[in-house]
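Visitor: Let me see the structure of the following:
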Amino acid sequence: MANVLVISAHPDDETMAMGGTIAMHVQQGDLVYLVETTRGEGGEVGEPPLTSRAQLGPFREGELREAARALGVTGLVFLPFVDPHMEIGGTAQQVDATPEAFTAAIRAEIERLQPDIIYTHGSNGEYGHPQHVFTHESVRRALAESGLRPELYTWGAWYEPAERPDMLNKNDIAQTVRDVTPWFAQKLAAVMAHRTQHTMFLRNSGAASVADMVSKTESFKRVLEE
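Guide: As a prediction, the model looks like this:
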């Protein structure tokens with residue numbers, strides 16, 4: 001049994017990138033913990049709106065708790081950082097926090113949970129999202145500062161041919177490309193919990209339905225720290 005820690009920038013990032021792998025770990029008897037650096041306050045409220053802009057953070061927290069139950073997650077922690085608001089078609093931003101403060105908060109959770117395995121965003125932030133990149137860099141700094149040596153994997157690693165190459169990190173060559181069909185039902189249930197983001201998922205993917213845009217393949221690169 002392993003302690004698995006998944007660190008992501010926004011609710012739904014981990015579900016979309018590795019929901020099947022989370023369910024796989026749970027099936028193997030591993031304990032999976034999620035650390036969210038924000039509540040996704042800057043995201044969309046749904047069409048038609050499912051909540052107000054002011055209440056989006058707590059609403060998305062509830063969505064992720066529902067998704068975590070679907071995947072069988074052991075524990076969930078939200079860090080005290082606020083996701084900047086982004087208009088549809090606007091420019092994504094990272095949180096208003098110093099690298100030192102952001103890294104320290106992540107390090108505290110790593111030291112508290114003592115994971116055997118950590119997963120987080122790739123080096124290119126998948127499609128270049130600044131908060132994804134900031135989270136990736138901060139996780140690596142936090143891990144180095146902690147002195148702990150769990151296995152570190154980044155998701156969305158590059159492979160060909162890919163279902164959604166636009167969502168992959170071109171500088172991270174995949175070492176693991178996993179068919180998550182055996183855990184697709186759990187992954188889809190978790191994705192369906194993120195109701196406020198469904199319109200955005202469909203708009204960005206061009207898929208006919210949410211189920212059609214959920215990937216059955218998940219890819220990872222193992223990061224070997226010096």
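Visitor: Just the helices from the chain, written as ranges.
Guide: 13-27, 56-71, 99-113, 125-128, 130-146, 184-193, 198-205, 210-213 (DSSP state H).
Visitor: Turn these into a markdown table, including distance to D83, mean neighbour count and mean pLDDT.
Guide: (C-beta placed from N, C-alpha, C; glycine too.) Shown next, in a markdown table, are those (distance: least, Cβ to Cβ, whole Å; neighbours: other Cβ atoms under 10 Å; pLDDT from 0 to 100):
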| stretch | distance to D83 | mean neighbour count | mean pLDDT |
| --- | --- | --- | --- |
| helix 13-27 | 11 | 24 | 99 |
| helix 56-71 | 8 | 20 | 98 |
| helix 99-113 | 13 | 17 | 98 |
| helix 125-128 | 14 | 18 | 92 |
| helix 130-146 | 7 | 21 | 96 |
| helix 184-193 | 18 | 20 | 98 |
| helix 198-205 | 14 | 16 | 91 |
| helix 210-213 | 22 | 14 | 93 |
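Visitor: With distance to F81 as extra columns, can I get the ones you listed in a markdown table?
Guide: A markdown table is the format used below for the helices of the chain (distance: least, Cβ to Cβ, whole Å):
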| stretch | distance to F81 |
| --- | --- |
| helix 13-27 | 14 |
| helix 56-71 | 11 |
| helix 99-113 | 7 |
| helix 125-128 | 16 |
| helix 130-146 | 9 |
| helix 184-193 | 22 |
| helix 198-205 | 21 |
| helix 210-213 | 28 |
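Visitor: quick one, which of the ones you listed is nearest to E44?
Guide: Evaluated over these, closeness to E44 peaks at helix 198-205, with 5.0 Å, by Cβ to Cβ.
Visitor: Need the residues that contact the closest one.
Guide: 16, 43-44, 46-47, 88, 164, 191, 194, 207, 209-210, 213 (Cβ atoms under 8 Å, 6 or more residues apart in numbering).
Visitor: 6 Å instead?
Guide: With contact meaning Cβ atoms under 6 Å, 6 or more residues apart in numbering, helix 198-205 is reached by E44, E47, V210, M213.
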